[in-house]
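*Asks:* Output the structure for:
(chains A and B)
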Amino acid sequence: MKLNELTITEAHKGLKNRDFRAQELLEDCFTAIIEKDKEINAFLSIFYESARADAKRVDFRIANGEEIGPLDGIPLAIKDNMLIEGTVCTSGSKILSNYISTYDATVIKKLKKAGAIIIGKTNMDEFAMGSSTESSAYGPTKNPLNIKLVPGGSSGGSAAAVTANMCLGAYGSDTGGSVRQPASLCGIVGFKPSYGRVSRYGLMAMASSLDQISPFAKSVDDARILYEAIAGKDEKDSTTIDKDLGLDKEINFSKLRVGLPKEYFTNDLDGDIRELIDEKVNILRGLGAEIKEVSLPHTKYGLPVYYIIMPSEVSSNLSRFDGIRYGYSASIDEDVPVDNLLDVYMKSRSKGFGTEVKRRIMIGAYTLSAGYYDAYYKKATQVRSIIKKEYEDVFKEVDCLITPTSPSTAWPLGEKMNDPVKMYLSDVYTVNVNIAGITGISVPAGNLNGLPIGVQVIGKYFDENTVLRVAKKLYI
Amino acid sequence: MKLSKEDIKKIALLARIDIKDEELDKYGKDLSSILDYVESLQEVDTAGADADMHITPLVNSWREDELNSCKEEERKLILDNMPNKEDGELKTVNVFKK
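*Replies:* Got it, this is the predicted structure:
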């Protein structure tokens, strides 16, 4: 077995026992990248030099008999919308092709402190807007299980990097399902913590009330390690919360109440997916858990709510790309004549942004504009509060929910690119977790026609412990 | 909901994105189909529902208002990212007509 195929937990043991060195572990990851990434296109930048220096330092510490933590010497990949000081950060967009991060995101600071080896930045849909990683300005990422298929998105580069064993774990950002959905399509674990658990400082904002940095892993134990390393209050993100993670509390499965929301299991759901999920539910039933059908009547309004709130926040957040302070600027482009400041804004953004980003900024500008605000934005926030309340109520009856993660397995590249609404529907089962701010994890449920598909465990606000422990029983 | 070419022009100006005339139809079609999709929200009874909802239970999150200057390396990185500058200062094209 090559070292890059190990889980984080296994690699940690190996490093600790001095079975191999961090530098060897890293080189196996680099070998996988060199062999496969030309085709897969998971990485936008690779830090050969700094990663090798970091691994060497960890080896030195181990050789000196120092105790190491769970992430010391572990090679990880980071979605290219999180800042690492002094390195290029594109967010998958042409407008930032030369942008150099001016500081470390809080999660990066924490990972560096934990001794993790950051090996590179991964491909993504432009500014995380997409569900297939095809809207990246740097070409699509392909699914390592079959390169004719998409890996899902928007964090498809991170998902593919873990799936192809180019790293041991990775981080993405999940705004409407952008970590859980690609995890489902690639057959790995994707874990979105509750909103407020992880600092967003240094994550390029897409929709600030929904964004959450979230890990990809090969096992549930690894997901927990990756989550613990980045969680906690940060004074630089005022929405983070100072609250114990509570991950050490055992749960009694014979007293566990599990809900199956009937709105997630409609006739639209592929019968074979239903069967795979039933098998997983039976594991919990076998442990003595009580399984019952529950109802979340406003489920179907989640995606429409998302497609108003998200673009509204997008249009506001992306107004910072003005061609003045950083990024592509029409003002110094000889091919683009500009007469005045408005011209610089209009032409820099027109040339710098791709189609999907333009669509969403325009939708947001419209839904927030005078005369339409009440009908769209205000209405959507009201329905959002109804959805949130519905989840609060259902979690009085049950301790967690089990649902599908995605309505289908990975689809062929290009299939949904000309129909935005069809693309949006691939997030139909993940989006409400973001709308309600709660926590959810996707773990592999099995295969359909040779392709993986995930099962999702949803927990109440701040109850990552139950979600992780239930998920671990479903995916061993 | 069907957005006209004039609507798209107006939205594009609000969004500060230059849209070419030949693209107006395509964006009109795309935006209209998205707005059709979200139209179903109008059927939800939202009487009494909170429109100022926040995800977290936090009310206020305070910190001391301290002056922190940035490191010299940070300043350099910020300046290096500026597309157009002169003597360490950001330069833009004219705001007003001469």
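
*Asks:* Could you pull up the residues touching the residue nearest the centre of chain B?
*Replies:* Centrality entry for chain B: nearest residue to the mean C-alpha point is residue B:15, 7.0 Å, by CA atoms, centre = their mean. Neighbouring residues of residue B:15 by CB atoms under 8 Å, 6 or more residues apart in numbering or on different chains: A:315, A:349, A:358, A:361-362, A:364-365. For the C-beta atoms, the positions are set from N, CA and C on the backbone; glycine is no exception.

*Asks:* How many residues are close by the closest residue to chain B within the stretch 151-300 of chain A?
*Replies:* In the stretch 151-300 of chain A, the residue that lies nearest chain B is residue A:238 (3.8 Å; CB to the nearest CB). Residues lying near residue A:238 (other CB atoms under 10 Å in any protein chain shown) number 16.

*Asks:* same check, this time on the one 4 residues further on
*Replies:* By the other CB under 10 Å criterion, the neighbourhood of residue A:242 contains 9 residues.

*Asks:* give the contact list for it.
*Replies:* A:232-233.

*Asks:* That one belongs to a strand?
*Replies:* No: assigned with DSSP: H, G, I helix; E, B strand; the rest coil, residue A:242 falls outside any strand and is coil.

*Asks:* And stretch A:11-20, what's buried?
*Replies:* Going by neighbour count (16 or more other CB atoms under 10 Å in any protein chain shown), the buried part of stretch A:11-20 is A:11-12, A:14-15, A:20.

*Asks:* brain fart, stretch A:138-156
*Replies:* Of all the residues in stretch A:138-156, those buried under the rule 16+ other CB under 10 Å are A:138, A:140-145, A:149-156.

*Asks:* circling back: wait, isn't the residue of the stretch 151-300 of chain A closest to chain B in contact with residue B:54?
*Replies:* No: Residue A:238 lies out of contact with residue B:54 (CB atoms under 8 Å); the separation is 11.4 Å.

*Asks:* Quickly note the distance from residue A:458 to chain B.
*Replies:* Counting by CB to the nearest CB, to the nearest Å, the gap from residue A:458 to chain B is 15 Å.

*Asks:* next one: the host helix or strand of that residue to chain centre, how far?
*Replies:* According to DSSP states H and E, residue A:458 maps onto strand A:451-459. Here the centre of strand A:451-459 is set off from its chain's centre by 14 Å, with CA atoms, centre = their mean, to the nearest Å.

*Asks:* what pairs with it, and is each one parallel or antiparallel?
*Replies:* Paired with strand A:451-459 in the same sheet, following DSSP bridges, are strand A:400-404 (antiparallel), strand A:439-448 (antiparallel).

*Asks:* circling back: could you tell me which ones among the buried residues of stretch A:138-156 also sit near chain B?
*Replies:* The overlap between the buried residues of stretch A:138-156 and the neighbours of chain B (CB under 8 Å from any CB of the partner chain) is empty.

*Asks:* give me the number of residues near the nearest residue in space to residue A:250 that is not next to it in sequence?
*Replies:* Residue nearest to residue A:250 in three dimensions, not counting chain neighbours: residue A:469, with 7.8 Å by CB to CB, 6 or more residues apart in numbering or on different chains. Residue A:469: 20 surrounding residues under other CB under 10 Å.

*Asks:* Next, the angle strand A:451-459 makes with the helix or strand containing residue A:469.
*Replies:* Assigned by DSSP H and E, residue A:469 belongs to helix A:464-474. With axes from the mean of the first three to the mean of the last three CA atoms, to 10 degrees defining the directions, helix A:464-474 sits at 150 degrees from strand A:451-459.

*Asks:* Quick one: the strands in the stretch 201-350 of chain A, in order.
*Replies:* Under the criterion DSSP state E, counting those that start in this stretch, the stretch 201-350 of chain A contains strands at A:213-217, A:257-261, A:290-294.

*Asks:* Give me the average confidence score over the second one.
*Replies:* Regarding strand A:257-261, the rounded mean pLDDT is 98.

*Asks:* rewinding a little: which outside residues touch the helix holding residue A:469?
*Replies:* A:189, A:191, A:193-194, A:197, A:220-221, A:223-224, A:227, A:245-251, A:253, A:256, A:258, A:280, A:283-284, A:287, A:399-400, A:402, A:439-441, A:443, A:445, A:455, A:457-460.

*Asks:* are any of these buried, and which?
*Replies:* Using 16+ other CB under 10 Å as the burial test, those include A:189, A:191, A:193-194, A:197, A:220-221, A:223-224, A:227, A:251, A:253, A:256, A:258, A:280, A:284, A:399-400, A:402, A:439-441, A:443, A:445, A:455, A:457-460 as buried.

*Asks:* Now do stretch A:250-268: everything it contacts.
*Replies:* Residues from elsewhere that reach stretch A:250-268, judged by CB under 8 Å, 6+ apart: A:274, A:281, A:284, A:287-297, A:299-300, A:394, A:397-404, A:407, A:429, A:465-466, A:469-470, A:473.

*Asks:* doesn't residue A:403 make contact with residue A:273?
*Replies:* No: Residue A:273 lies out of contact with residue A:403 (CB under 8 Å); the separation is 10.4 Å.
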